[in-house]
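In: Sequence and predicted model, in that order:
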There are 2 protein chains.
Amino acid sequence: MNEGPSLIDTDVHNAVGDLIPYLPKAWHAQWKRSSVGIGGFYTSPVSVSRSDAVPDRGGAPGGDPEFMIKDHLDRYGIDYAILTGSNILAISLHPDPDYANAVVAACNDCTIETWLKVTPRFKGSVFVNASDPAEAATEIRRVGGHPDMVQVILTSAARMPYGQRFYHPIYEAAQEMGLPVAIHPGAEGRGVSGAPTPSGYPTRYMEWHNILPINYMAHINSLVCEGVFEKFPRLTFVAIEGGIAWLPHLMWRMDKNYKGLRDSTPWLKRLPSEYIVDHVRLTTQPIEEPKNPEHLVQIFQMIQAEKTVMFSSDYPHWDNDNPSLALPRMPKSMKRRILAGTAAELYGLDRKPEERQSEDRLRGEPMAPVAAFHAAGGEEEE
Amino acid sequence: MNEGPSLIDTDVHNAVGDLIPYLPKAWHAQWKRSSVGIGGFYTSPVSVSRSDAVPDRGGAPGGDPEFMIKDHLDRYGIDYAILTGSNILAISLHPDPDYANAVVAACNDCTIETWLKVTPRFKGSVFVNASDPAEAATEIRRVGGHPDMVQVILTSAARMPYGQRFYHPIYEAAQEMGLPVAIHPGAEGRGVSGAPTPSGYPTRYMEWHNILPINYMAHINSLVCEGVFEKFPRLTFVAIEGGIAWLPHLMWRMDKNYKGLRDSTPWLKRLPSEYIVDHVRLTTQPIEEPKNPEHLVQIFQMIQAEKTVMFSSDYPHWDNDNPSLALPRMPKSMKRRILAGTAAELYGLDRKPEERQSEDRLRGEPMAPVAAFHAAGGEEEE
């Protein structure tokens, strides 16, 4: 009788070697960048950051405060830069809230220590774990009083639309600390968030990037309909890097439906578009570029851009906008509001940093009162 | 010793009685309409259909062909009406493809028998089960040759964006039969489809209805980027009832990204917006109604509405549009194209029905050649 094998292991992991010789050349860059892409299927084929933004001393683009001042703020005459961090934002989509809470707190302390101390021209965003609103509120109260922290920032990818009451502790704390709440895209389809579209997953980076703004529409729709701006009347919501030209449609559709269906949202006292104009701010990059630039100006007029739109560069990312080229020809007063006026009001940056410094000096206060902030245990002094 | 109970059943279903006396009045209508809402959480609080569209002989609004001719087509001087059926469209989201395939086939036979025979002014849409593209293609070839079937229709809610290759057998069959493929909203968030937004489920009907168009953006983005219109160059995609004013943003964002990232879609030979203008048609209802109607005309000009937009009423639904009131003041030539010109070209309806009838009579053919179609086993006679 034939004595066959007596032990067969049916699951042994070999590490597949270098695939490059076997892979058609068109896929080499993607494979080198993201391999099987676990943790981020949608990665930019032109890399996320500009290679010409690598700091003189080396390291990642956007990683050196001094170089950023020279390479970006000074180059373009930018008075203040609102720092929005990096892809660490996606930590809100981690399944473990304790880990995520620890990471955002570390990120805030690191920002205060290594960025906000450098120059008063940098203003920070408080990172929070949106998936644990109670702890997010605690974090907002812990560091939101820092004089150079000017807003709360969330990743736009989420398990629920941001108007839902689950998130209200975040808005309560933000309003209490006088901070706007911003969203930033880039984690759509990752972690515990849903698919990037109502019909699942786009195929590749370009499609995914094209369609990111739909999540912004969903959040703004939710915030207004859920009555967030009635419940938190001093709250402003900042939609960073989500596009602009879709807003007329959203406002008009919401207003039309509100007229027919408003008995389902009796807490709303005004047209949805009125809440949007008063409480929502959009940032410009990546600005839409129609063949006829006048079309974009028409869109700006439809949404009262002099109140609702603020300039942003997205430095040092691949598709960042140059402040001297980004905006089309438009009325000067509108352009001034977009380049600085609205942001100055929103973030309390009404004076140039030089003036602030000299006034602070006259009053005998330190240029950036970070030391005092830390001495007081992280609470704002005043 | 105390003898306790010897048998306890810990799961017995009692039918809870009439809840109305216990429920606050504000919720009565919703409870009566949809109870716990299983199978359709988002139901219109003003009911889906106009109560004044109930046929003289009774039955559901939209259920009586003769009454529809009188109440809608004749009232507004509508030459042709493209029939789009009812919520049976959602059957594509049933987990069981065999059941869904049977239902759509029955629906098509029923439409041919009970609607298309009534008058040549009615034109039909071929229902298919989009979740089983091979069988959908078979169904398109089975009934798509009927002379009064003028398009294929899918529910816009889906498991995957409609550009993906899973669906290509549908487009192949539609192109072969010379039929456009349309999508219609209303099943978002139901059955096997995803959540209605990238961040999950809106809270109530109004929010859900406000945000339906984002799925349209996702599908059009997918269709273009996946190269569907290169692979099927004679295919037209009709986006019914999904709004219009968002299209400039989508076209501009797609074009901008294409310029930077086009090496990831080497099959595209033109700007994404050019595929859209040539291959995508939008219908008007529910038309956006900005305070300043000129704003909508500006949007129409941005998207070449004289080529891309077609009138639709959505009769007999609650928010249907009246053809004599729906459109703002605009250039006459554009209005003519929207009211009939583009649809006449797309659906091959270049002559008025009266002229068609008399010409058919001269040629000795029956007015609506349904009998001949059936005698030929469902193939078109020519």
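Out: Done, it's in. What you see is a predicted model; the values in this text were computed from it and never measured. Residues are numbered from 1 along each chain as shown, chains lettered A, B, ... in the order given.

In: Go ahead and confirm A:Tyr205 touches A:Thr43.
Out: Yes - with contact defined as CB atoms under 8 Å, A:Tyr205 reaches A:Thr43; the gap is 6.3 Å. All C-beta atoms are positioned from the backbone trio N, CA, C, and that covers glycine.

In: out of the two, which sits in the more crowded spot?
Out: Shown here are A:Tyr205 and A:Thr43; by other CB atoms under 10 Å in any protein chain shown, A:Tyr205 has more neighbours (20 against 16).

In: Now do the contacts for the residue nearest to that one when sequence neighbours are not counted.
Out: Nearest-residue entry for A:Tyr205: A:Tyr42, 4.8 Å, with adjacent residues in sequence omitted and distances by CB to CB, 6 or more residues apart in numbering or on different chains. Counting by CB atoms under 8 Å, 6 or more residues apart in numbering or on different chains, A:Tyr42 makes contact with A:Glu188, A:Gly189, A:Pro196, A:Pro202, A:Arg204, A:Tyr205, A:Trp208, A:His209.

In: run the last query once more with 7 Å
Out: A:Gly189, A:Tyr205, A:Trp208 (CB atoms under 7 Å, 6 or more residues apart in numbering or on different chains).

In: In helices only, show me those.
Out: Judged by DSSP state H, helices contain the following of the contacts of A:Tyr42: A:Tyr205, A:Trp208.

In: and A:Ile153, what are its phi and psi?
Out: Per-residue torsions, A:Ile153: phi -130, psi 140 (degrees, to the nearest 10).

In: quick one on the thing from earlier: from the contacts of A:Tyr42, pick the one nearest chain B.
Out: Among the contacts of A:Tyr42, A:Tyr205 lies closest to chain B (CB to the nearest CB), at 6.4 Å.

In: Okay, now the unreliable bits of chain A?
Out: Where chain A drops to pLDDT under 70, the residues are A:1, A:37-40, A:357-382.

In: now the strands for it?
Out: A:81-82, A:122-127, A:149-155, A:181-184, A:237-239, A:280-283, A:309-310 (DSSP state E).

In: Present those strands as TSV; the columns should include distance to B:Tyr22 and mean neighbour count.
Out: Output for the strands of chain A, formatted as TSV (distance: least, CB to CB, whole Å; neighbours: other CB atoms under 10 Å in any protein chain shown):
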stretch	distance to B:Tyr22	mean neighbour count
strand A:81-82	51	20
strand A:122-127	44	25
strand A:149-155	39	25
strand A:181-184	38	24
strand A:237-239	38	26
strand A:280-283	39	24
strand A:309-310	49	24
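
In: Next up, the contacts around the spatially most central residue of chain A.
Out: Closest to where the C-alpha atoms of chain A average out (CA atoms, centre = their mean) is A:His184, at 2.2 Å. Counting by CB under 7 Å, 6+ apart, A:His184 makes contact with A:Thr84, A:Leu89, A:Ile153, A:Thr155, A:Ser156, A:Ile240, A:Glu241.

In: let's go with 6 Å and repeat that
Out: Residues near A:His184 by CB atoms under 6 Å, 6 or more residues apart in numbering or on different chains: A:Thr84, A:Leu89, A:Ile240.

In: Closest one of those to chain B?
Out: Closest to chain B, out of all of the contacts of A:His184 and judged by CB to the nearest CB, is A:Leu89, at 14.5 Å.

In: Take the contacts of A:His184 and keep only those in helices.
Out: Short answer: those have none in helices (DSSP H).

In: Let me have these in TSV, adding neighbour count and distance to chain B as columns.
Out: TSV is the format used below for those (neighbours: other CB atoms under 10 Å in any protein chain shown; distance: CB to the nearest CB, whole Å):
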residue	neighbour count	distance to chain B
A:Thr84	19	19
A:Leu89	25	14
A:Ile240	23	16
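
In: List just the nearest of those residues to A:Glu113.
Out: Nearest to A:Glu113 among these, counting by CB to CB, is A:Thr84 at 17.5 Å.

In: Over to that closest one: give its phi and psi.
Out: Per degrees, to the nearest 10, the backbone of A:Thr84 is at phi -120, psi 10.

In: hang on, it packs against A:Ser125?
Out: Yes - if you go by CB atoms under 6 Å, A:Thr84 and A:Ser125 touch, sitting 5.4 Å apart.

In: what residues are shared contacts of these two?
Out: By CB under 6 Å, 6+ apart, the residues touching both A:Thr84 and A:Ser125 are A:Ile153.

In: Chain B contacts on the stretch 51-200 of chain A?
Out: A:Ala158, A:Arg159, A:Met160, A:Pro161, A:Glu188, A:Gly194, A:Ala195, A:Pro196, A:Thr197, A:Pro198, A:Ser199, A:Gly200 (CB under 6 Å from any CB of the partner chain).

In: 7 Å - rerun?
Out: A:157-161, A:164, A:188, A:193-200 (CB under 7 Å from any CB of the partner chain).

In: Now the residue of the stretch 1-150 of chain A found nearest chain B. Nearest residue, chain neighbours left out?
Out: In the stretch 1-150 of chain A, the residue that lies nearest chain B is A:Pro45 (5.4 Å; CB to the nearest CB). Nearest residue to A:Pro45, sequence neighbours excluded (CB to CB, 6+ apart): B:Ser264, at 5.4 Å.

In: surely A:Val48 meets A:Trp318?
Out: Yes - between A:Val48 and A:Trp318 there is a contact at 6.2 Å, judged by CB atoms under 7 Å.
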